[in-house]
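Q: turn this into a structure:
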Amino acid sequence: MKLKENSTNQKLRGIYYTPNQLAKAMVELFSDDNTIKTVFEPSFGDGVFIDAIYSSKLFTKLEKIVAVEIQEEEVTKVQHTYRNNNVISVQHGDFFKYYTEHYQIEKYDLIAGNPPYIRYQYLTPEQRQIQSEILTSHGMKSNKLINAWVGFVVACVQMLSENGKMMLVLPAELLQVAYAEDLRLYLSDHFSAITLITFSELVFPDIEQEVLVFIGEKGTKEKGIRIYEMDNLDMFDNIDYRANGFQKMLHVKEKWTKYFTSNEEISLIQKIKSDKRFTTFGDLGTINVGITTGNNSYFTVNQDTIDKYQLKDIALPLIGRSSHAHGINFTQQDWQFNIDKGVRAFLLSFDDRDKKEFPQSYRDYIQYGEDNEQNTGYKCSIRDRWYVVPSIWVPDAFFLRRNNLYPKFVLNECNAVSTDTMHRIKFNEDVDHQLVQLSYYNSISFAFTEICGRSYGGGVLEILPSELSKVVLPIISEIDQKVKDDLLKFVDQNIREKDDIEKVLDVVDQKILVDIIGISSLECSKFRKIWKKLQARRLGRM
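A: The predicted structure follows:
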């Protein structure tokens, strides 16, 4: 974990200044809005939004701009620039504190800016307390996962006038991360219209932080939500902001990535979710993260290390990485192949004894770890015995946590274990493991995996256990044994040979979704389109 004293000043302050081009383009969207008389900027940084407003047609209509910034040197610069302007009030202070003192008496027609992206552990105790009060007082959870920008957003909503508008640059994780689900519901409940502008290219070239422009508009009549997808900032000129394009807003704690689909597609997704012919992974068993060793480089080893330290009796078969999963079954032959390739195919499982009670070779390996400070990492250091890895059990199946073109769902046929690069699945007693496996490789389940998961960065699809539990699967109650065996063999061979996965989807869609479940070919093709659309959007960020 990166400690506060070792972090850069920029990271601690969460400062990533908005490009001039973006600030000007955002302001231009409201340059003709005659209802905007007052503007607030909660964290103005180098003053880029103030500059953009000052140079726009919007400024000629304004009665007041109030801007707050915690960094005194930036305040001094901007105050000097606008020292003779009576409309612009530049103030030094912490926005959270400013909010508590002013939100009941100050309301604004437009709030614009780029709030700081400060992690919870880097906030001061006073900031943590204020943010917690802001969130909990509006029915939201407060925890250590929540970044400062979430508190900024909620506070800004409270400072809007009756028909006010909010326009902020926010992390794209707003669309999908679990810790922002309360915020998504809050925003959908407080704005009649929401516009999201996303970018396939990085807006901040110096950091790997995907951002979007969030625009919320209050009003008495709900319009809904819409998304503009752009390659880069140059495409702002193509936005027709007066056009409708809104979809109905669902006031639920779901991800907003679903709004990248059409209204028709959203209706189809909702229909399948309530279709009794489908179930979910969560209904079929227990899903946990893989084993958290605290130090994979020490606890996962290859055959040479096993032989050198005579560790065979405490070594478990391991599927440690996505490249170790060759097909849809992890077999003894697969494991042996990995061993022969020299990969870390074993997980060490020391029992809970004092190291003095172990054979000398075990003690030698433990001593090797201590000599090289393998025991000093956080997870190892908090254990009673640092070398004892907790929560080791053999699952029925694995599901890759991070995926490229598509996820792999793999049955465990050699009593292997996995690290937290994979999720572990333990099926309920009455579940046919092979039928579950066969039920996953289809267009509908693939589409739901993209919907439930999230774009991790670099085009990677990440899915967490709670998200995987919501992925829908067709219920296969009866199937000819030969058809079942042939289909499983076909799917396994396709994946082992790294062939086009859509060949699998074509066959399984027809044999399972159409012939057995009774889904129409048209609906299958629509779900294939949803999967391809969301996959293409994610891969576009590679």
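Q: could you pull up the residues touching M166?
A: Neighbouring residues of M166 by CB atoms under 8 Å, 6 or more residues apart in numbering: L110, I111, A112, V153, C156, V157, L160, F191, F214, I215, G216, E217. (C-beta placed from N, C-alpha, C; glycine too.)
Q: where neighbours are concerned, which of those has the most?
A: With neighbours taken as other CB atoms under 10 Å, the top of the contacts of M166 is A112, carrying 29 neighbours.
Q: picking up where we left off before, for the contacts of M166, which one is nearest F330?
A: F214 (42.8 Å; CB to CB).
Q: did I read that right, the closest one in a strand?
A: Yes - under DSSP: H, G, I helix; E, B strand; the rest coil, F214 falls within a strand.
Q: verify the contact between V78 and F49 for me.
A: No - between V78 and F49 there is no contact under CB atoms under 8 Å: 10.6 Å.
Q: the more surrounded of the two?
A: Ranked by neighbour count (other CB under 10 Å), V78 and F49 place F49 first, with 28 against 22.
Q: who are the packing partners of whichever strand or helix holds the more buried one?
A: Here F49, judged by DSSP states H and E, is contained in helix 48-54. Counting contacts by 3 or more CB pairs under 8 Å, 6 or more residues apart in numbering; DSSP states H and E, helix 48-54 packs against helix 20-28, strand 38-41, strand 64-69, strand 88-92, strand 108-113.
Q: what's the longest one in contact with?
A: The set of residues external to helix 20-28 that reach it, using CB under 8 Å, 6+ apart, is 48-49, 51-53, 55-56, 58, 112, 167, 169, 203, 213, 233, 236.
Q: how close does W256 get to K533?
A: 15 Å (CB to CB, to the nearest Å).
Q: quick one: which of the two has more around it?
A: The neighbour count for W256 versus K533, taken as other CB under 10 Å, is higher for W256 (21 against 16).
Q: leaving out chain neighbours, which residue sits closest to V75?
A: What sits nearest to V75 in space, not counting adjacent residues and going by CB to CB, 6 or more residues apart in numbering, is H92, at 4.3 Å.
Q: I misspoke; the intended subject was R321.
A: That would be T421: by CB to CB, 6+ apart, it lies 5.8 Å from R321.
Q: that neighbour against R402, yeah?
A: Yes - counting by CB under 8 Å, R402 is a contact partner of T421 at 7.3 Å.
Q: what sits in contact with each of those two?
A: S322.
Q: low-confidence ranges in the chain?
A: Scanning the chain with the threshold set as pLDDT under 70 gives 1-16, 205-208, 457, 541-542.
Q: and for the nearest residue to K223 once chain neighbours are set aside, the neighbour number?
A: Distances taken as CB to CB, 6+ apart place A193 nearest to K223, at 4.0 Å, with adjacent residues excluded. For A193, the count of nearby residues is 19 (other CB under 10 Å).
Q: how close does A193 get to R226?
A: Taking CB to CB, one finds A193 at 8 Å from R226.
Q: got the domain ranges for the chain?
A: As recorded under automatic domain parsing, the domains making up the chain are 4-260, 262-285+430-542.
Q: residues in contact with S391?
A: By CB under 8 Å, 6+ apart, the neighbours of S391 are N288, I291, T292.
Q: give me every residue that touches the residue nearest to the last one when sequence neighbours are not counted.
A: When you say that, I think you mean T292. Distances taken as CB to CB, 6+ apart put D420 closest to T292, at 5.1 Å, once the chain neighbours are dropped. Listed by CB under 8 Å, 6+ apart, the contact set of D420 reads V289, G290, I291, T292, R401.
Q: verify the stated contact: V213 with M167.
A: Yes - judged on CB under 8 Å, V213 makes contact with M167 at a distance of 7.0 Å.
Q: one step back: any idea how far the helix holding F49 is from the chain center?
A: 32 Å (CA atoms, centre = their mean, to the nearest Å).
Q: phi and psi next, for the residue nearest to R321.
A: Main-chain dihedrals, T421, degrees, to the nearest 10: phi -70, psi -10.
Q: V343 versus that one, what's the distance?
A: Counting by CB to CB, the gap from T421 to V343 is 13 Å.
Q: overlap of the contact sets of these two?
A: Common neighbours of T421 and V343 (CB under 8 Å, 6+ apart) are G320, R321.
Q: quick one: the residue nearest to T292 from I517, how far?
A: Distance from D420 to I517, by CB to CB: 34 Å.
Q: same question for Y99.
A: Distance from Y99 to I517, by CB to CB: 53 Å.
Q: neighbour-wise, which of the two wins?
A: Y99 (23 against 19).
Q: number of nearby residues for the closest residue in space to L135 that isn't next to it in sequence?
A: Nearest residue to L135 in three dimensions, chain neighbours excluded: S142, at 4.4 Å (CB to CB, 6+ apart). Residues lying near S142 (other CB under 10 Å) number 19.
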